[in-house]
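# Please work out how this folds:
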Amino acid sequence: RVVAVLGEEKKARSVATAIDRARTAKPITSTVELANIVAHAVGGRRDAAIHPATRSFQALRIFVNRELEELAEALAASERILGEGGRLVVVSFHSLEDRIVKRFFADRSATLSGASRHRPDVTVAEPTFTLLTRGAVAPSAAETETNPRARSARLRAARRTAAPPRAIDFAALGVPSVPEFERGG
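Model (predicted):
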């Protein structure tokens with residue numbers, strides 16, 4: 001589940017089966033060994049631009065470090081500590097990170113309820129941020145040519161208003177949960 005949810009790996013079941021099978025035969029003692037097991041399960045060329053095990057290793061890192069939860073908490077902390085006119089600029093490198101930042105800024109800058117003729121009006125809290133960018137800003141071709149690691153970067157920015165900070169809702173921000181691995185409070 002960690003590899004499927006946090007790594008967005010389409011072949012997560014094959015990866016898990018391969019790892020389980022390998023661990024049954026003998027302990028996995030190195031990252032190279034694990035990378036080879038995952039690469040074999042995923043398929044693809046090892047000399048490709050991105051190694052076949054990248055998503056799986058990324059998922060493990062995100063899970064162990066609680067990176068998505070930390071991101072949501074950092075956004076909430078920024079909202080609390082920034083003064084009126086302060087700027088919050090976030091660069092994300094992964095689609096799950098960017099989704100959380102996008103939802104945070106969308107929620108905190110909303111001025112309309114998004115109501116329609118089929119749904120009644122909903123009260124919207126006073127915006128705590130004003131967007132400075134329309135959507136995410138991606139790196140230029142020239143930048144990715146000189147810095148290939150920038151290829152997945154997405155920048156979003158907003159200015160803090162005088163409105164009071166709000167409580168953070170992890171589910172509304174799209175922070176994924178991996179139920180059988182939930183950490184205790």
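
# When you work out contacts or count neighbours from here on, use the C-alpha atoms and nothing else.
Fine.

# what about the residue lying farthest from the centre of the chain, distance to V32?
Most distant from the centre of the chain: A25, at 34.3 Å, with distances by CA atoms, centre = their mean. Relative to V32, A25 is positioned 17 Å away (CA to CA, to the nearest Å).

# Now do the buried residues in the one helix or strand D107 maps to.
Using DSSP states H and E, D107 falls within helix 95-109. Within helix 95-109, the residues scored as buried using 16 or more other CA atoms under 10 Å are 96-98, 100-102, 104-109.

# Could you check how far S30 is from R23?
With CA to CA as the criterion, S30 and R23 are 12 Å apart.

# who's more crowded, the two?
Legend: neighbour count by other CA atoms under 10 Å for S30 and R23, higher for R23 (13 against 8).

# With distance to V38 added, can I get the buried residues of helix 95-109 in TSV?
Shown next, in TSV, are the buried residues of helix 95-109 (distance: CA to CA, whole Å):
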residue	distance to V38
L96	21
E97	23
D98	26
I100	28
V101	30
K102	31
F104	34
F105	36
A106	37
D107	38
R108	40
S109	41
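
# Show me which of the residues you listed is closest to S177.
L96 (11.8 Å; CA to CA).

# With adjacent residues omitted, what lies nearest to the spatially most central residue of the chain?
In the chain, the centroid-proximal residue (CA atoms, centre = their mean) is E97; its distance is 2.0 Å. Spatially, and ignoring its direct neighbours in sequence, E97 is nearest to L68 (6.5 Å; CA to CA, 6 or more residues apart in numbering).

# Repeat that for I168.
I168's closest residue in space is A76 (CA to CA, 6+ apart), at 6.2 Å.

# which SSE is that neighbour in?
Element membership for A76, per DSSP H and E: helix 67-81.

# Give me the helices and strands touching that helix, please.
helix 95-109, helix 170-173 (3 or more CA pairs under 8 Å, 6 or more residues apart in numbering; DSSP states H and E).

# Need the distance between the two termini of stretch 60-73.
20 Å.

# hmm, who's touching it?
By CA atoms under 8 Å, 6 or more residues apart in numbering, the residues outside stretch 60-73 that reach it are 2-3, 6-7, 96-97, 100-101, 168, 170, 173, 175-176.

# Can you list the low-confidence ranges for this structure?
Applying pLDDT under 70 to the chain picks out residues 45-47, 112-116, 119-122, 179-185.

# Please enumerate the strands of it.
87-92, 129-131, 154-160 (DSSP state E).
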